[in-house]
Every structure is written in structure tokens, then in C-alpha cells.
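Undergrad: predicted model follows, preceded by the sequence.
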Amino acid sequence: MAIPLSVQDLTIAYQKKPVLKNVSLQIPEGKLIGIIGPNGAGKSTFIKGVQGLIPVAAGTVEIYGKPFKKQRSLVGYVPQRESVDWDFPTDVLDVVLMGTYGRLGWIRRPSKKEKAWALECLEKVGMREYADRQISQLSGGQQQRVFLARALAQDATIYFMDEPFAGVDVATEKAIIALLNNLIAEGKTVLVVHHDLQTVSEYFDWVVMLNRRHIASGPTEKVFTHENLQKTYGGKLQFLQQSSMLAAGEE
């Protein structure tokens, strides 16, 4: 069976201080995977490191058995919304068209075919009517949908998404999870950095638990246990569980 992502002894450091140390894991194909852990655990660092977006101190990363540089066209990425300059003067359609550049290169201009595909991707996330809108004029949830449409436009095989549910309303969150499940139904593999423990069992069929090192990974029903959560979150676990219970009560 093909392995979408294989990581061996991955170590990433900032100013010689390890943020992730000796992480080794393999990700199965066709799964919706949640990457969980406390703040500062290295979740975002992990998905940036495997894509070569930040320097890696040691270790190897393979996408379908080959180095990332040779498989770049197979990978789609949705960064944290806070990391994007939303004041950049461009409209929604142009943002989504950026997802086609991997196939076109930076010299060729998008044709009618690419524009039609970009509009189709916007349709999938419920944003086609906003195609001519400046991205700075969108709400947080709308901006997130646009970046999901850009990822869809890449027509990737494996997707990395950094907290796509952060700061969005309930309707947008449900729309996003439905979209991700559709990708899984098409045979794609999706890895999602996620912070809400309450929805892990509902959303994901596989989890990766990190806290500067690899704690556990596997099917959610087997790995998402109190013992592994305690290893991952330590003393923060009880506070997180109480916060989740309060949030559920408010809803």
C-alpha cells in the first residue's frame, strides 16, 4: 500500500533549541487525520517542516516514497489564517488561481480552463458569488473558505491544513468538515492541525499526538485515550477538559 507521508527521525530547532525531536511516523492513505497537542508542542512546525517551509536539523521526509521536492505537485497547503496578509490588494478569484500555478508555472497566465476550475472550487466552498470581492473585505470564515478553495485548485493528493477551524463560525466549521470528508471519499489524505479535543472523535478517523516529540498515532478509537492525552498534555489536560465541558454547555 502506498504511504502518503513517511517521517523518520525528524528534528527541527529554532536558534539551536529543539522544537521537535526525533519524530518518526507513517501516515496511511485516504484518512482524515487530526494533529493534536498543547500550544507550543510543534504541530504547525511539523507540517511546515515536512513541506520544507522551514529548515530541518535532521531526519528524512518522503511523500509517496520520494523526497518532498520531487512530489511538490502532490501537496496542498492551507496555512493559519493569521499568517496571511489579508490587506494585499487582490481579489478572491486571483487567490484561488494561485492554486493552479504549480501546473502552469509562474510564466504562463491562467487560461479560461483554469479560471473555470477556480470558479468550480469556489462553488464547492460556497464562495463563487464573491469571486470579484477583495479578500480584505471578507469575514474570517469567508477568508478561510477562499484558502480552502485555493487548496482544492491545486488538485493535490495529500493536504496539510493548519487550524482551518480557528476563528470560524459553526456553519463554516460544518461546511469545512463536509468538504474534508468529500476529499477523503475521493481517496485524498488530509492532515489537520486541530486544538478542540471535544470534536476529535467526531471529526477524525486517525490522530497524531505531539508534544515536541511523537507521543502516539493511529486510529482515533485506539489512540485517543485518556492515558495518551495525559502523556501529551500533562497537567493541562484537566483544564482543557473542563473548558470543553463549559463550551459544550454554552452551546
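TA: That came in fine, so what should we check first?
Undergrad: pLDDT weak spots in the stretch 151-251 of the chain?
TA: By pLDDT under 70, the low-scoring segments of the stretch 151-251 of the chain are 235-251.
Undergrad: can we see that at 50?
TA: Flagging of the stretch 151-251 of the chain using pLDDT under 50 yields the residue ranges 245-251.
Undergrad: strands along that one, start to end?
TA: Secondary structure of the stretch 151-251 of the chain (DSSP state E, counting those that start in this stretch): strands located at 158-162, 189-193, 206-210, 214-219.
Undergrad: so which of these is nearest Pro55?
TA: Taking CB to CB as the criterion, Pro55 comes closest to strand 158-162 out of the strands of the stretch 151-251 of the chain, the separation being 17.3 Å. C-betas here are computed from N, CA, C, even on glycine.
Undergrad: what residues does that closest one touch?
TA: Contacts with strand 158-162, where a contact means CB atoms under 8 Å, 6 or more residues apart in numbering, come from 4-5, 44, 47, 50-51, 63-64, 74-80, 83, 148, 151, 180, 183, 188-193.
Undergrad: please enumerate the helices of the stretch 1-150 of the chain.
TA: Ranges of helices within the stretch 1-150 of the chain are 43-50, 68-71, 92-97, 101-104, 112-124, 140-153, based on DSSP state H, counting those that start in this stretch.
Undergrad: among the ones you listed, which is nearest Tyr130?
TA: Nearest to Tyr130 among those is helix 92-97 (5.1 Å), distances taken as CB to CB.
Undergrad: which helices and strands sit right next to that closest one?
TA: Taking 3 or more CB pairs under 8 Å, 6 or more residues apart in numbering; DSSP states H and E as the contact definition, the neighbouring helices and strands of helix 92-97 are helix 112-124, helix 140-153.
Undergrad: just those helices: most buried one?
TA: For the helices and strands packed on helix 92-97, the stretch with the most neighbours on average is helix 140-153, a mean of 24; neighbours defined as mean count of other CB atoms under 10 Å.
Undergrad: the inter-axis angle of that helix versus strand 189-193?
TA: For the pair helix 140-153 and strand 189-193, the angle between their directions (axes from the mean of the first three to the mean of the last three CA atoms, to 10 degrees) equals 150 degrees.
Undergrad: how far does helix 140-153 sit from its chain's centre?
TA: The chain centroid and the centroid of helix 140-153 are separated by 12 Å, computed with CA atoms, centre = their mean, to the nearest Å.
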